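[1] Fold the following for me, if possible:
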Amino acid sequence: MSDVTSEVQTFLDRLAERSARRREAQGQEPTWIAARRQAGAARFEALGFPTRRDEAWKYTDVRAIARGDFALAEDAEFSPAAAAALTLPLDAYRLTFVDGLFSAALSQLDGLPDGVTVTPLSRALEENHEAVGGPLGRLTGVEFSPFSALNTAFVEEGAVVRLAPGTVVEKPIILQFLSRAGERAVMSHPRILVEAGGRSEATLVEHHVGEEAAANFTNLVAEVIVDRGAHLTHYKLQEAPLSDLHVASIHVEQGRDSTYTSFNLNLGGGLVRTDLISDLNGQNATSNFYGLFYGQGRQHVDSHTVANHNAPHTFSNENYKGILDDRAHGVFNGRVVVKRDSQKIEGFQSNANLLLSDRAEIDAKPELEIYADDVKCSHGTTTGQLDPEAIYALRARGIDEQTARGLLTLAFAGEVLEAVGLDAIAERVELAVAGKLPERFNLAGLVEAAVALGDE
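    Next up is the predicted model:
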């Protein structure tokens with residue numbers, strides 16, 4: 001038996017164990033759910049884990065996942081005080097999961113407005129599994145990747161968020177995923193389904209965080225449907241412990257006149273891979289992709305994005321920033337695809353990277369794939385280091401070198417941070433990227449002056 005086969009078999013054995021326990025505890029599940037699990041398991045068994053020979057995984061080695069001996073969590077116990085210390089200080093509706101399992105004790109959904117439902121996937125399947133079965137798996141099926149197939153095989157928990165047409169949700173909806181430090185590493189396969197009805201508006205925050213010594217594996221799939229005229233802002237703040245492994249696939253379907261704005265903010269995790277795909281299927285649909293990945297130590301952060309312009313008069317704008325220190329490795333692959341007859345579209349893509357160490361590494365590949373002739377598209381990538389003259393200019397104003405470097409690093413991230421509309425999230429990013437900065441300085445003015453001097 002080859003190594004790859006044995007690695008796959010380990011995950012299939014875990015699936016068999018969980019399936020036996022599920023049958024014993026709950027009895028027979030609906031036929032369609034069982035069939036999809038079987039399809040996911042069969043597809044995963046056929047594909048195996050991706051290797052660096054696969055073009056989409058050329059720069060990312062997943063052997064740390066494949067060779068891991070991960071159990072499945074059996075309970076959702078977590079200290080309320082410890083959870084409070086990790087929770088974003090936001091006035092929000094909150095659905096909390098511990099190692100992939102729903103925690104009612106750490107969730108807060110009181111006062112949800114009419115027309116809004118936020119439900120654990122397990123409960124949604126119990127209450128009305130047929131309503132969930134239609135959209136679940138329609139955008140991200142077992143064919144997308146080995147990890148989406150694996151997620152489908154294990155799917156049993158996650159979140160279902162539904163917004164009725166015309167509903168406006170004033171407070172953010174937070175899906176909080178907590179990772180525990182235990183005697184044995186665990187894995188979870190959360191599934192998120194979001195259906196934003198026509199002309200609805202909401203902010204969704206997906207927050208991944210955990211105890212410092214946690215070393216778990218999260219394999220998430222999110223399917224997001226944004227109907228005609230709806231506006232959805234989706235924050236994915238990933239600040240998991242540095243020993244955690246994190247894979248996520250996010251697939252968005254957009255109708256006419258809809259707007260989907262993504263903030264993909266990666267600060268933690270030892271090995272991180274995120275795929276973000278948006279299908280712009282209706283005229284005047286707009287996708288905004290903002291990304292910031294910050295790596296230190298030996299972190300590996302891989303971001304793949306695709307904006308599919310499937311209809312004319314559609315618009316996409318992407319701005320991703322990478323900041324890498326020590327021996328961290330970043331990967332950015334962004335594609336803008338313009339389908340045949342999708343005329344009058346605009347697709348813009350920018351990726352800039354800052355290396356704070358001579359040992360840090362970035363592999364960047366922006367792509368345009370255009371099959372129409374009346375379009376406005378651009379893409380580009382840059383990589384550089386901090387300007388020593390700008391650092392000198394700040395030090396000449398009485399600022400120590402560490403603070404000066406933090407200020408300039410923060411200025412580099414500024415274009416993305418300025419677009420962040422939630423202060424609690426912006427502050428987490430600022431603290432991770434630049435550390436605790438002194439408040440006695442006019443920081444914005446100092447940075448502007450230093451950068452201007454460095455450009456002279």
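
[2] Provide the backbone phi and psi angles at Ser6.
    phi -70, psi -40 (degrees, to the nearest 10).

[3] burial of it, as a residue count?
    Residues within reach of Ser6, counting by other Cβ atoms under 10 Å, total 11. Yep, even glycine has a C-beta here, placed from its N, CA and C like the rest.

[4] how far away is it from Asn216?
    Separation of Ser6 from Asn216 (Cβ to Cβ, to the nearest Å): 21 Å.

[5] Excluding chain neighbours, what is closest to the spatially most central residue of the chain?
    Centroid-nearest residue in the chain: Lys236, 4.7 Å away (criterion: Cα atoms, centre = their mean). Once flanking residues are discounted, Lys236 sits nearest to Glu206: 4.6 Å by Cβ to Cβ, 6 or more residues apart in numbering.

[6] re earlier: which element is the residue nearest to the centre of the chain on?
    Under the criterion of DSSP states H and E, Lys236 resides in strand 231-239.

[7] CA atoms only: put that strand into CSV for me.
    The C-alpha trace of strand 231-239 is given here as CSV (Å, rounded to 0.1, in the frame of the first residue of the first chain):
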residue,chain,number,x,y,z
HIS,A,231,-25.5,43.4,-0.7
LEU,A,232,-23.4,41.1,1.5
THR,A,233,-20.1,42.0,3.2
HIS,A,234,-18.2,38.9,4.3
TYR,A,235,-15.2,39.2,6.7
LYS,A,236,-13.1,36.1,7.1
LEU,A,237,-10.7,36.8,10.0
GLN,A,238,-8.3,33.9,10.4
GLU,A,239,-6.1,34.2,13.5
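
[8] Give me the mean pLDDT for that strand.
    Taken as a whole, strand 231-239 has an average pLDDT of 98.

[9] next helix or strand past that strand?
    Assignment by DSSP H and E places the next element after strand 231-239 at strand 245-254.

[10] what inclination does that following strand have with respect to strand 231-239?
    If you take axes from the mean of the first three to the mean of the last three Cα atoms, to 10 degrees, strand 245-254 sits at 170 degrees to strand 231-239.

[11] Show me what the following helix or strand past strand 245-254 packs onto, helices and strands only.
    Per DSSP H and E, strand 245-254 leads on to strand 259-266 as the next helix or strand towards the C-terminus. On a contact count with 3 or more Cβ pairs under 8 Å, 6 or more residues apart in numbering; DSSP states H and E, strand 259-266 meets strand 217-226, strand 231-239, strand 245-254, strand 271-280, strand 286-295, strand 300-309, helix 423-434.

[12] Make sure Ile391 is indeed in a strand.
    No - judged by DSSP: H, G, I helix; E, B strand; the rest coil, Ile391 forms no part of a strand; its state is helix.

[13] which ones are touching it?
    Residues near Ile391 by Cβ atoms under 8 Å, 6 or more residues apart in numbering: Glu401, Ala404, Arg405, Leu408, Ala450.

[14] doesn't the third one fall inside a helix?
    Yes - secondary structure assignment (three-state DSSP) places Arg405 inside a helix.

[15] how near is it to Ala413?
    13 Å.

[16] These two: which is more packed in?
    The residue with more neighbours, out of Arg405 and Ala413, is Ala413; 22 against 19, by other Cβ under 10 Å.

[17] who's in contact with that one?
    Here Ala413 is in contact with Leu292, Lys321, Ile323, Val429, Val433 (criterion: Cβ under 8 Å, 6+ apart).

[18] Now the phi/psi pair for it, please.
    Taking degrees, to the nearest 10 as the convention, Ala413 sits at phi -80, psi 0.

[19] Now Ala149. Its backbone dihedrals?
    Torsion angles, degrees, to the nearest 10, at Ala149: phi -60, psi -40.

[20] And it, how far from Phe97?
    21 Å.

[21] More neighbours: which of the two?
    The neighbour comparison of Ala149 against Phe97 (other Cβ under 10 Å) goes to Phe97, with 27 against 22.

[22] Give the pairing partners of the one helix or strand that one maps to; include direction for each.
    Using DSSP H and E, the element containing Phe97 is strand 93-98. Using DSSP bridges, strand 93-98 pairs in its sheet with strand 101-108 (antiparallel), strand 173-179 (parallel).

[23] Adding mean pLDDT and mean neighbour count, write the ones you listed out as JSON lines.
    Compiled in JSON lines, those are given as follows (pLDDT from 0 to 100; neighbours: other Cβ atoms under 10 Å):
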{"stretch": "strand 101-108", "mean pLDDT": "98", "mean neighbour count": "17"}
{"stretch": "strand 173-179", "mean pLDDT": "98", "mean neighbour count": "25"}
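
[24] Including distance to Thr51, could the ones you listed go into JSON lines?
    JSON lines is the format used below for the strands paired with strand 93-98 (distance: least, Cβ to Cβ, whole Å):
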{"stretch": "strand 101-108", "distance to Thr51": "31"}
{"stretch": "strand 173-179", "distance to Thr51": "26"}
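
[25] On the three-state scheme, Lys376 is what?
    strand.

[26] burial count for it?
    10.

[27] which residues of the chain score low on pLDDT?
    Where the chain drops to pLDDT under 70, the residues are 1-4, 27, 437-456.

[28] can you give me the angle the strand holding Lys236 makes with strand 286-295?
    Taking the same axes, to 10 degrees, one finds that strand 231-239 is oriented at 10 degrees with respect to strand 286-295.
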